[in-house]
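Visitor: for reference, the sequence and a predicted model appear below.
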Amino acid sequence: MDIKNDHRFAINLNVRGIQPSSTLRINELSNQLRSEGKDIIKLGLGQSPFPVPERVVNALKEHAHEKDYLPVKGLKGLRQAIAGYINRAERMRCTWEDVLIGPGSKELLFILQLAYYGDLLIPRPSWVSYAPQARIIGRSVHWLPTHAENNWQLTAEELDIICRDDPSRPRILILNYPSNPTGCTYTDDQLLAIANVARKYNLILLSDEIYGEVHFEGRHKSIARYYPEGTIISTGMSKWLGAGGWRLGTFIFPPELRPLQDAMAIIASETFTSTSAPIQHAAITAFDGGEDIDEYLKQSRRVLKVVGEYMHSRLSAMGAVVRKPEGAFYLFPDFSAFSEKLARKDIKTSQAFCTALLEDTGVAILPSSDFGFVPDHMGARLAFVDFDGTQALELAGGDYADQELGDDFVKEAGPRLVLAMDRMEKWLNSL
């Protein structure tokens, strides 16, 4: 068959050449290799290892019979719960009408770019799906430079440089913190400085705060406090509540951006219609919070902090350059110190590095090229999530409740992570 002249293969040019999401791809590959009997340590997909809190699971069971199509913007009770949650956490005054619900914040980001005709500004490195979404829609993407010595974080100066040549150009800036892939976050002073530049150029600022609740010290602060009129807060239940597969995300808009919210709702009405009814009803329980949710978050943060510190220490001792994470469950080590030894084995890109590591050790991580870097940047993202989250929470709140968590806890709660570090160290030493 002559595929070139077969109109069944006339795929949208914006989609042709784009690979499936690298995080999902590495997860499927890891599962496939495991099914073939190989011992794979899954540090690729950033899926929370913790269980959904029992009270939230019970709420889902109680509402499993809910079958009606809900309003496009979301269930009023849930929108009220999310407004209350944001107001408590950020001392804001948003109302339920400022909230939009979608089947994952990923989908909401996609229709935001459909609804708003502007360039996308993304600090490098960034989460793997921001840029491909923009490409699918046909938007221009501008990568904003960041530097390792500044924890790979955007500075107000770099943002100003990209905006000043065409100050009235419509733009969306995505700020994600604590960061995927680095685990680093911003100080109040940094947020204020970025907010001032965003206001100067009238930017739409999409503040992706999906990891806000897993800031290790519980001190996450939204940039919406400093740029309320132009900031959309994005969050959901996947990372702090362990409910990634439930697919529920939310955007919280300022009143000034109500026309944009309404435009997104129109697109939603013609695409996904509304988010799953049982999930929305159950999510009210999650966003209303309570002592059990607070305890769940407290122990989750304790566990992730000590695991992150352990992994950081091990990677640093191996010779990788890596920043200590402050939240989420990621590290972004740079293996450039091994470049000459790797090149002798014809490993000259981060993709080749990760492929060889997986084949030789069974440790699955993602190359820095998936996060906006050139192919020969020898970095990688490591998601420290291959451990039994239920057991870890029970240990942290039980035997280790009254003591500071350390390496002993990691060895008991996360033996697969210890094994991953042992295998990586042995592999790097053998180069």
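Guide: Perfect, thanks for sending it. As the structure is a computational prediction, the values presented were derived from the model and not from experiment.
Visitor: contacts, neighbours, all on C-alpha from now
Guide: Noted.
Visitor: hang on, isn't residue 323 packed against residue 182?
Guide: Yes. Look at residue 323 against residue 182 with Cα atoms under 8 Å: they come within range, at 7.4 Å.
Visitor: next, show the common contact partners of the two.
Guide: Listed contacts common to residue 323 and residue 182 are 151, 331, 332; contacts here mean Cα atoms under 8 Å, 6 or more residues apart in numbering.
Visitor: what's the burial count for the first one?
Guide: Using other Cα atoms under 10 Å, residue 151 has 18 other residues around it.
Visitor: gap between it and residue 273?
Guide: 40 Å (Cα to Cα, to the nearest Å).
Visitor: who has more neighbours, residue 323 and residue 182?
Guide: residue 182 (30 against 22).
Visitor: residues touching residue 279, list them.
Guide: With Cα under 8 Å, 6+ apart, residue 279 has these contacts: 60, 246, 248.
Visitor: secondary structure class of it, three-state.
Guide: Under DSSP: H, G, I helix; E, B strand; the rest coil, residue 279 falls in the helix class.
Visitor: now it: how far from residue 293?
Guide: 17 Å.
Visitor: please apply the same query to residue 222.
Guide: 20 Å.
Visitor: state whether residue 120 is indeed within a strand.
Guide: Yes. Judged by three-state DSSP, residue 120 forms part of a strand.
Visitor: isn't it right up against residue 142?
Guide: Yes. Here residue 120 reaches residue 142: they are 6.2 Å apart, a contact under Cα under 8 Å.
Visitor: settle it for me: which of these two has more neighbours?
Guide: residue 120 (21 against 16).
Visitor: ok, the closest residue to residue 348 other than its chain neighbours - contacts?
Guide: Leaving aside its chain neighbours, residue 348 sits nearest to residue 376 (6.0 Å; criterion: Cα to Cα, 6 or more residues apart in numbering). Residues near residue 376 by Cα under 8 Å, 6+ apart: 348, 349, 350, 369.
Visitor: which element is the first one on?
Guide: Following DSSP states H and E, there is no helix or strand that holds residue 348.
Visitor: ok, residue 212 - contacts?
Guide: 177, 178, 220, 221, 240, 327, 328.
Visitor: now the first one, nearest residue through space, not along the chain?
Guide: Counting by Cα to Cα, 6+ apart, residue 185 is the residue found nearest to residue 177 once chain neighbours are left out, at 5.1 Å.
Visitor: and that neighbour, how far from residue 175?
Guide: 10 Å.
Visitor: circling back to that earlier point, neighbour-wise, which of residue 222 and residue 293 wins?
Guide: Legend: neighbour count by other Cα under 10 Å for residue 222 and residue 293, higher for residue 222 (24 against 19).
Visitor: next, the residue nearest to that one when sequence neighbours are not counted: phi, psi?
Guide: Among residues not flanking residue 222 along the chain, residue 90 sits closest, at 6.7 Å (Cα to Cα, 6+ apart). Main-chain dihedrals, residue 90, degrees, to the nearest 10: phi -120, psi 0.
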